[in-house]
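Undergrad: With the sequence up front, the predicted model follows.
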Amino acid sequence: MSATKPVITRFAPSPTGYLHIGGARTALFNWLFARHHGGTFLLRIEDTDRARSTPEATEAIYAGLRWLGLDWDGDAVSQFARIARHAEVARDMLARGTAYKCFATQGEIEAAREAARAAKQPPLFHSPWRDADPADHPDLPFVVRLKAPKTGETVVNDHVQGSITWKNETLDDLILLRSDGVPTYMHAVVVDDHDMGVTHVIRGDDHLTNAARQSLIYQAAGWDVPEFAHVPLIHGEDGKKLSKRHGALGVEEYRDMGYLPAAMRNYLIRLGWSHGDDEFFSTAQAIEWFNLDSLGKSPARFDFKKLENLSGQHIRSSDNTDLAREVLAFVASQNLPPLSEKQETQLFETMDQLKERAKTLPEVLEMARYFLKERPLDMDQRAQELLDTVSRGMLNRLTSRLQHVSWSADNLEIEIRAFAEDEGQKLGKVAQPLRAALCGRGVSPSVFDMMVTLGRDETIARILDVAPTG
Ligand code: GLU
């Protein structure tokens, strides 16, 4: 490949009903590589399995990619729609003599394999039709097979795995077209990647052997082989292959848990790729830095703690307006009660306090609960404990001091500190039950900030709800 050829990558999922986290990472790497090089990122839906390839399953892939912010160039390609083209290429290969018609029946193939096994040979099928004269072809159903080289070696120079060699005698004559004219998966992928102009195939290392077989198909078609990067699959925290139990979920489940797409991208990039010791970075930085050489050779382990941690950092570094919009989108996507106009304004205005400690969007909402919930508030256990008789008495006495103070965070702090001193108490002894009265929880933004947002009347009303006079 010449150095100046523009980069074209692709993501080629089979629609399974959701965008799996491993697929999302593959898509992300291909997207980053294309964007880094100012190239093209294509999407191909491998929808030849008609039973599974429903419009809903395809839509789930689109939705997952869109949520992650991975925009693809042009329209998605349907593999199924290209069946005639796959057959055409197989016929060209027949004409070039790099493929042949094989009339062997299933029974004959089984018997040949059995015989090979009995003779302690590898159970590869050597078709008697490989070198048959077309004049001797019967008028029977046939498959089209690749005329793979029998000697020599096939080498895949992989950007991650290095140079891997297969002895050609271990690779059999693959079927390209079945007897009903339907292409095999292996053949369809090669034809599609070639026609789409794909220069770099970045995918899971479960496809590594396919790369050798596909290289032979490229050669038989007379085409250049693309560059390959086979990335180790993601493992669970225990080092075992990722399963549901470990977090092998669809990306929409992470959306529903309230992770930001930017955090998810950052986290997924680090699952198998590194840039020195950098853990927290923006997508713009990732695009600038991404290369195939820094893909790791050993499987990355999924780590929820790390995801949470990164997520918190992304929430804190988000622009307040963008973050408020994300929160509103989350509320809508989860069918939570919509915010009133006033609450929306409060959300935008208080984002600095809300995001300080939150690791997910539900945690931002939890911080906002003090203005999202109406009186009388429900009190959790911690809040109830804080509101003992002594505290209630104190809070009741506080209300008269709040009637005339000028209502700003600074003034409120001065006033409440003075009140605590008059009561012979530390500030916390007043602030903690006050927090409970204002939001019904033991954890919240600062009491002074909450009081400013709630206003004088609502603040005093909430205090009197838990600390009535008399
Ligand atoms: N459709 C294949 C899969 O879902 C990917 C094929 C490829 O990337 O070459 O695993």
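TA: Perfect, I can see it now. Numbering: from 1, shown residues only.
Undergrad: so where is the stretch 251-400 of the chain shaky, pLDDT-wise?
TA: Counting by pLDDT under 70, the stretch 251-400 of the chain shows no low-confidence range.
Undergrad: For the ligand, what's its nearest residue on it.
TA: Val251 (14.8 Å; Cβ to the nearest ligand atom). In short, each C-beta sits where N, CA and C put it, glycine included.
Undergrad: what's the answer for the stretch 101-250 of the chain, then?
TA: Residue nearest to the ligand within the stretch 101-250 of the chain (Cβ to the nearest ligand atom): Arg203, separated by 3.8 Å.
Undergrad: So that residue: helix, strand or coil?
TA: Put simply, Arg203 is strand when judged by DSSP: H, G, I helix; E, B strand; the rest coil.
Undergrad: For it, give me its contacts.
TA: 12, 26, 229-231 (Cβ atoms under 8 Å, 6 or more residues apart in numbering).
Undergrad: And the contacts of stretch 109-124?
TA: 104, 125-126, 170, 172.
Undergrad: Just give me the closest of these to Leu242.
TA: For the contacts of stretch 109-124, the residue nearest Leu242 by Cβ to Cβ is Thr170; the value is 29.2 Å.
Undergrad: ranges for the helices of the stretch 101-250 of the chain?
TA: Assigned by DSSP state H, counting those that start in this stretch, the helices in the stretch 101-250 of the chain fall at 106-118, 185-195, 208-221.
Undergrad: before we move on, what about the stretch 301-450 of the chain?
TA: Using DSSP H, counting those that start in this stretch, helices in the stretch 301-450 of the chain cover 304-317, 320-333, 341-355, 361-367, 369-372, 381-386, 389-402, 409-423, 427-439, 447-454.
Undergrad: Reformat those as CSV; add mean neighbour count and distance to the ligand.
TA: Below are those laid out as CSV (neighbours: other Cβ atoms under 10 Å; distance: least, Cβ to the nearest ligand atom, whole Å):
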stretch, mean neighbour count, distance to the ligand
helix 304-317, 18, 23
helix 320-333, 17, 26
helix 341-355, 17, 37
helix 361-367, 21, 30
helix 369-372, 21, 42
helix 381-386, 16, 48
helix 389-402, 16, 60
helix 409-423, 15, 54
helix 427-439, 21, 47
helix 447-454, 21, 49
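Undergrad: tally of neighbours for Lys255?
TA: One correction, residue 255 is Arg, not Lys. Arg255 has 21 neighbours, counted by other Cβ atoms under 10 Å.
Undergrad: Now for it: which residues touch it?
TA: Arg255 touches 67, 261, 330, 333, counting by Cβ under 8 Å, 6+ apart.
Undergrad: among the contacts of Arg203, which are within reach of the ligand?
TA: Ala12 (Cβ under 6 Å from any ligand atom).
Undergrad: follow-up on the earlier one: what's the closest non-adjacent residue to the residue of the stretch 251-400 of the chain closest to the ligand?
TA: Once flanking residues are discounted, Val251 sits nearest to Gly64: 4.3 Å by Cβ to Cβ, 6 or more residues apart in numbering.
Undergrad: Next one: the residue of the stretch 101-250 of the chain closest to the ligand from Ser274, what distance?
TA: Distance, Arg203 to Ser274, using Cβ to Cβ, to the nearest Å: 19 Å.
Undergrad: One more: Thr58?
TA: Taking Cβ to Cβ, one finds Thr58 at 33 Å from Ser274.
Undergrad: Would you map the strands across the stretch 1-150 of the chain?
TA: Taking DSSP state E, counting those that start in this stretch as the criterion, the stretch 1-150 of the chain carries its strands at 8-11, 40-45, 77-78, 99-102, 143-146.
Undergrad: near the ligand, which residues of this structure show up?
TA: 12-14, 46, 189, 203, 207.
Undergrad: follow-up on the earlier one: TSV for the strands of the stretch 1-150 of the chain, including mean neighbour count, distance to Ala324 and mean pLDDT?
TA: Formatted as TSV, the strands of the stretch 1-150 of the chain follow (neighbours: other Cβ atoms under 10 Å; distance: least, Cβ to Cβ, whole Å; pLDDT from 0 to 100):
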stretch	mean neighbour count	distance to Ala324	mean pLDDT
strand 8-11	26	31	98
strand 40-45	21	30	98
strand 77-78	18	37	98
strand 99-102	22	59	98
strand 143-146	24	57	98
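Undergrad: Of the ones you listed, which is nearest Asn30?
TA: strand 8-11 (3.9 Å).
Undergrad: just the contacts of Arg203 now: which is nearest Asp180?
TA: Nearest to Asp180 among those, with distances taken as Cβ to Cβ, is Ala12, at 23.1 Å.
Undergrad: What residues does Leu434 make contact with?
TA: 395, 398, 416, 447, 463.
Undergrad: if I read this right, Met93 contacts Val144, doesn't it?
TA: Yes. Counting by Cβ atoms under 8 Å, Met93 touches Val144, with 7.5 Å between them.
Undergrad: what is in contact with those two at once?
TA: 99, 176.
Undergrad: and the gap between Val143 and Trp129?
TA: The gap separating Val143 from Trp129 is 10 Å, by Cβ to Cβ.
Undergrad: list residues touching both of these two?
TA: Both Val143 and Trp129 are contacted by 101-102, under the criterion Cβ under 8 Å, 6+ apart.
Undergrad: related to what we said a few turns ago, so what pairs up with the residue of the stretch 101-250 of the chain closest to the ligand in the strands?
TA: Beta-bridge partners recorded for Arg203 (DSSP bridges): His230.
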